[in-house]
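In: one predicted model, sequence on top.
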Amino acid sequence: MYETVVVSPDWVESRRDEIRLVDVRDAWEFDGIGHVPGAVNIPFDEFRSADGDEGMLPGGDVWESLLSAAGIGPDDHLVAYDDTHGVFAARFLVTAELYGHPTERLHLLDGDYSAWNRDRETTSAATDATETTYEIRDPEHSPLVEYEFVLDSLDDKAAVVVDTREVWEFEEGHLPGAVNLDWRELVDEETRGLKPADELEAILDDVGITPDRRVVLYCNTARRISHTYVVLRSLDYENIAFYEGSLTEWEERGGPIETAE
């Protein structure tokens, strides 16, 4: 499953006619710095909620409009990338999954634009896109969970609650009993992509994140957990819970918090 969820540049190059590349950087980066040839631009800020609940889904009508304008069909093979180790691209892919795009047709480029730009062709030329009529569907399975589910998981020995933020954020306040795994621990700074699968599994095992447990993910606004979610899926984890409201909603609801002290 690893090769189909997170895909290499070589995989992309060999399937140029079969896939749609999606660049989620800002438009000025896409146009001014350049992009992977054939990619369309759907900036990250355009598929985030604009209703005061930062990080939540943008709404079905917004999503349909964005993908239709980009010329994307409901069954296209999508490969998303950014220039931040894939964390923004992962949020795009999770959003697509939650709006019913087939999961086996959603892929994260291993490495980001800077990594691609080291050895491969880029362009600043506009990408022609014929508008489609993209329609959302109910997902086959949704990993989304609500506040009450997470609250119950705190006392569930079969579950591990995972905080994917930086160590200093975790120390300032986190869900009781949560383990800390900064999402960037899974990234190789040299390649800008994921660490090898055996290293990933060792890192996860060290903090008790194992396939036999239900993994409940949270951060602040659902961006960083998107990356960890995609990594876990690539490693064949099946029981993953995605708390989209994350710490933002948790604190608004008055959920219990503990600090490093």
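Out: Done, it's in.
In: now do the same end-to-end measure for stretch 129-140.
Out: Terminal residues of stretch 129-140 are spaced 28 Å apart (Cα to Cα, to the nearest Å).
In: surely residue 94 meets residue 242?
Out: Yes - at 7.0 Å, residue 94 and residue 242 qualify as touching, with contact defined as Cβ atoms under 8 Å. Where C-beta positions appear, they are placed from N, C-alpha and C, glycine not excepted.
In: common neighbours of the two, please.
Out: 222, 229 (Cβ atoms under 8 Å, 6 or more residues apart in numbering).
In: pull the number of nearby residues for the closest residue to residue 231 other than its chain neighbours.
Out: With Cβ to Cβ, 6 or more residues apart in numbering as the criterion, residue 231 has its nearest non-adjacent residue at 5.3 Å, and that residue is residue 186. Neighbours of residue 186 under the rule other Cβ atoms under 10 Å: 23.
In: report the separation between residue 186 and residue 230.
Out: Residue 186 is 10 Å from residue 230, where distance means Cβ to Cβ, to the nearest Å.
In: middle-most residue in this protein, spatially?
Out: Taking Cα atoms, centre = their mean as the criterion, residue 90 is the residue nearest the geometric centre of the chain, at 2.3 Å.
In: surely that one is within a helix?
Out: Yes - assessed by DSSP: H, G, I helix; E, B strand; the rest coil, residue 90 belongs to a helix.
In: and it, what is it in contact with?
Out: By Cβ under 8 Å, 6+ apart, the neighbours of residue 90 are 80, 108, 226, 227, 229, 230.
In: of those, which is the nearest to residue 27?
Out: Minimum distance to residue 27 across these is 15.9 Å, recorded for residue 80 (Cβ to Cβ).
In: and the nearest residue to that closest one once chain neighbours are set aside, how many neighbours?
Out: Take residue 80 and drop its neighbours on the chain: the residue closest to it by Cβ to Cβ, 6+ apart is residue 89, 3.8 Å away. Other residues near residue 89 come to 29 when the count uses other Cβ under 10 Å.
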